[in-house]
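K.L.:
Here's my sequence, what's the structure:
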Amino acid sequence: MAHKFDVKKKHKLDTAERRRIIPPRETLMKLGLSEGDIMADIGCGIGYFTIPAAEIVGPEGQVFAIDISSEMLEEVEKSLAEKDVSNVKTTSTDEDTLNLKDETVTFALMSNVLHEVNETAKSLGEVSRILLDNGRIAVIEWQKVESHIGPPVSHRLDKEYVEQLLQNAGFKNILTTDIGDHFYAVLGQK
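P.N.:
Residues are numbered from 1 along each chain as shown. Take a look at the predicted model:
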């Protein structure tokens, strides 16, 4: 069984330290999110990346904030109302099926989610299903090293393993980039 984030610890998802080590807007820009994109924030949590993504994609774009936790989605809804953001749609899902139509999005983000998934091949297949042709996926994960933050190292995924998972799921043009000292991203294209 994969390590799951405890919703009771949601306060840890937006701290000064987290904003320093993985600044959301800068990270999304580095990963290639742009104006007009239609993004799926898969496992959006409290919306750490959702709100900055909505600003980046602008009024011509859209963000689907997707999570299995209704409590997390309620947090996103509160933030959207407080910040008067109108280009985000929250979507409840389960682990095996993303509740979006086929070929709906241009950019899919899975930030610190893949290590929590029980059936990675099935989940990545679902991401591929919702992506338009040439759509992009960005998987952010913890570096597989001991650190004072994040899940136990035994629950973290090697970069090479994530690259292989994306290849096996049919993604192409795969490349990896470090995000600070604690994270990396693996990018691919449908």
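K.L.:
neighbours around residue 174, how many?
P.N.:
16 (other CB atoms under 10 Å). Bear in mind the C-beta positions are built from the backbone N, C-alpha and C, glycine included.
K.L.:
helix/strand/coil for it?
P.N.:
Secondary structure, DSSP: H, G, I helix; E, B strand; the rest coil: residue 174 is strand.
K.L.:
now it: how far from residue 112?
P.N.:
Counting by CB to CB, to the nearest Å, the gap from residue 174 to residue 112 is 19 Å.
K.L.:
repeat for residue 129
P.N.:
22 Å.
K.L.:
before we move on, what about residue 61?
P.N.:
Distance of residue 61 to residue 112, given as CB to CB: 23 Å.
K.L.:
what's residue 85 in contact with, if anything?
P.N.:
By CB atoms under 8 Å, 6 or more residues apart in numbering, residue 85 lies in contact with 51, 54, 79.
K.L.:
where does the chain dip in pLDDT?
P.N.:
Counting by pLDDT under 70, the chain shows low-confidence ranges at 1-15, 19.
K.L.:
Longest helix of it, counting residues only.
P.N.:
In terms of residue count, the longest helix belonging to the chain (DSSP state H) is helix 70-83.
K.L.:
Using PDB, write out every CA atom in the helix or strand just after that one.
P.N.:
As assigned by DSSP states H and E, the chain's next helix or strand after helix 70-83 is strand 88-92. Output in PDB follows, covering the C-alpha atoms of strand 88-92 (Å, rounded to 0.1, in the frame of the first residue of the first chain):
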ATOM      1  CA  VAL A  88     -10.800  27.000 -11.800                       C
ATOM      2  CA  LYS A  89     -13.200  24.100 -11.500                       C
ATOM      3  CA  THR A  90     -12.800  21.700  -8.500                       C
ATOM      4  CA  THR A  91     -13.400  18.100  -9.400                       C
ATOM      5  CA  SER A  92     -13.800  15.200  -7.000                       C
END
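K.L.:
Could you give me the buried positions within the helix or strand following strand 88-92?
P.N.:
Toward the C-terminal end, the helix or strand that comes next after strand 88-92 (DSSP H and E) is strand 105-111. Neighbour counts over strand 105-111 (16 or more other CB atoms under 10 Å) mark 105-111 as buried.
K.L.:
My guess is residue 166 contacts residue 141. True?
P.N.:
No - using CB atoms under 8 Å, residue 166 is not in contact with residue 141; the gap is 11.7 Å.
K.L.:
Common neighbours of the two, please.
P.N.:
Common contact partners of residue 166 and residue 141 (CB under 8 Å, 6+ apart): residue 186.
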